[in-house]
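# task: produce atomic coordinates for the following.
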Amino acid sequence: MEFIYLAASLMIGLGALGTGIGFAILGGKLLESTARQPELGDQLQTKTFIMAGLLDAVPMIGVGIAMYLIFVVAG
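Below is the predicted model:
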């Protein structure tokens, strides 16, 4: 029973860690590519925001599955 809570906390924690690393890499690559070609800055920023939205979906799915484990499976 307590392993379900451990699994849920690992899912949320590692999802947040992975998202933080992903945002760091994404932001760094945006700055690097904008510095190389400033005329493409608007296009790159738009694509970066789209990727940031997709990157945010991963921990949200993990939180949903963790809530399911805590409230349905363990409850």
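
# report the contact partners of residue 45.
With contact taken as C-beta atoms under 8 Å, 6 or more residues apart in numbering, residue 45 is in contact with 30, 34. Yep, even glycine has a C-beta here, placed from its N, CA and C like the rest.

# element containing it, please.
Applying DSSP states H and E as the criterion places residue 45 in helix 41-68.

# do the same with residue 7
Secondary structure here is read from DSSP H and E; on that basis residue 7 sits in helix 2-36.

# what's the closest non-adjacent residue to the residue nearest the centre of the chain?
Centroid check for the chain by C-alpha atoms, centre = their mean gives residue 19 as the closest residue, at 3.1 Å. Nearest residue to residue 19 in three dimensions, chain neighbours excluded: residue 59, at 5.0 Å (C-beta to C-beta, 6 or more residues apart in numbering).

# residues near that neighbour, how many?
Counted by other C-beta atoms under 10 Å, the residues lying close to residue 59 total 21.

# now do the same for it: its pLDDT.
According to the predicted model, the pLDDT of residue 59 comes to 92.

# got the contact list for it?
Contact analysis of residue 59 by C-beta under 8 Å, 6+ apart lists 12, 15, 16, 18, 19.

# can you pull the phi/psi pair for residue 37?
Residue 37 adopts backbone torsions of phi -130, psi 90, taken as degrees, to the nearest 10.
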